[in-house]
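Chemist: The following comprises the amino acid sequence and a computationally predicted model.
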Amino acid sequence: SFGFAASGAGLGASASWAAAIHSLAGQFRGQRVAGQALVRRQPQRWEFERVALSLGPAQLHLEGHWDSHPLLEGTLVAHDLSRFLPELAGQVEASLRLRDATADATLTGRDLAWQEHRAAVLSADARIHLDDREYSWLRLRSAGLQVAGQALAATRLSLDGLLREHQLEFRSGVGEDAVELRGRGAWVDARYVLDLNEIAATGPRAPPYHLEAP
């Protein structure tokens, strides 16, 4: 059950409206649900106020506005993913802060599982400059990773540079053997292109991989 109020006109690009949900309460998949949210829509602008939703032990918060000079802050905390879907396991904490053209994001997951896939630790940190005037970076790391029954050593992915041209490095392995991929990526006109130009293998059992061409 919930209370709902809305007013405004139109649904297109020039629409202006507001909608509020309050006193949200009830059950979903056996979990207690509660929350509230206020969303306003104006031409070229979205506003989010007092967006606070909880599902069992999980909580989502969002506050701010999205326009030509956005300011958004959001957090997500879920201590038991199995309460959403039985085939999931683990806990996740994530945060996002967007100010003007700079986005800072973090994500930490522990004891994650989906079907036969596992990750003891999965973390990501990123600072993205959406206007592409400064260098952006992203770091993705994992440990205790099992994919399709194969145990992998510490895995990492890094991207550094401008959105339109940046370096990419990916490294993963099994035991003492590891493979590292290097390349260049580009995000232009809502399209991502990745060229891998180097592969390197290390370890006593690693095959001598090489790329004949990018």
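Modeler: Yes, it's here. Note that the structure is predicted; figures quoted are calculated from it, not measured.
Chemist: In contact with the residue positioned nearest the centre of the chain, which residues?
Modeler: Residue closest to the average C-alpha location in the chain (Cα atoms, centre = their mean): residue 107, at 7.0 Å. Contacts for residue 107 were tallied using Cβ atoms under 8 Å, 6 or more residues apart in numbering; they are 92, 93, 94, 122, 123, 124, 125. Bear in mind the C-beta positions are built from the backbone N, C-alpha and C, glycine included.
Chemist: same question, residue 33
Modeler: 24, 25, 26, 27, 53, 54, 55.
Chemist: Check residue 95 too.
Modeler: With Cβ under 8 Å, 6+ apart, residue 95 has these contacts: 73, 74, 75, 76, 105, 106.
Chemist: buried stuff in the helix or strand of the chain at the bottom of the mean pLDDT ranking?
Modeler: Of all helical and strand segments in the chain, the minimum by mean pLDDT, DSSP states H and E falls on strand 150-152, at a mean of 82. By neighbour count on 16 or more other Cβ atoms under 10 Å, the buried set for strand 150-152 is residue 152.
Chemist: what distance separates the helix or strand that that strand is followed by from the centre of its chain?
Modeler: Following strand 150-152 in sequence order, the next helix or strand is strand 155-162 (DSSP states H and E). Distance of strand 155-162 from its chain centroid, counting by Cα atoms, centre = their mean, to the nearest Å, is 15 Å.
Chemist: again with stretch 136-154
Modeler: Counting by Cα atoms, centre = their mean, stretch 136-154 comes out at 15 Å from the chain centroid.
Chemist: what packs against the host helix or strand of residue 25?
Modeler: In this structure, residue 25 sits in strand 16-28 according to DSSP H and E. Counting by 3 or more Cβ pairs under 8 Å, 6 or more residues apart in numbering; DSSP states H and E, the packing neighbours recorded for strand 16-28 are strand 3-9, strand 31-42.
Chemist: buried sites along the next helix or strand after the last one?
Modeler: Just to be clear, that refers to strand 31-42. Counting by DSSP H and E, the next helix or strand C-terminal to strand 31-42 is strand 45-55. Buried residues in strand 45-55, defined by neighbour count with 16+ other Cβ under 10 Å: 48, 51, 53, 54, 55.
Chemist: now, which of these sits nearest residue 134?
Modeler: residue 48 (26.2 Å; Cβ to Cβ).
Chemist: For the closest one, which non-adjacent residue is spatially closest?
Modeler: residue 62 (5.1 Å; Cβ to Cβ, 6 or more residues apart in numbering).
Chemist: next one: the helix or strand harbouring that neighbour to chain centre, how far?
Modeler: If you go by DSSP H and E, residue 62 is part of strand 58-66. Centroid displacement of strand 58-66 relative to its chain, using Cα atoms, centre = their mean, is 14 Å.
Chemist: ok, back up a step: okay, buried residues for the strand holding residue 25 please.
Modeler: Neighbour-count burial for strand 16-28 flags 20, 21, 24 (criterion: 16+ other Cβ under 10 Å).
Chemist: Just list whatever residues bridge to the residue nearest to residue 48.
Modeler: For residue 62, the beta-bridge partners are residue 51, residue 74 (DSSP bridges).
Chemist: how deep is it tucked in, by neighbour count?
Modeler: 18 (other Cβ atoms under 10 Å).
Chemist: No more questions from me, cheers.
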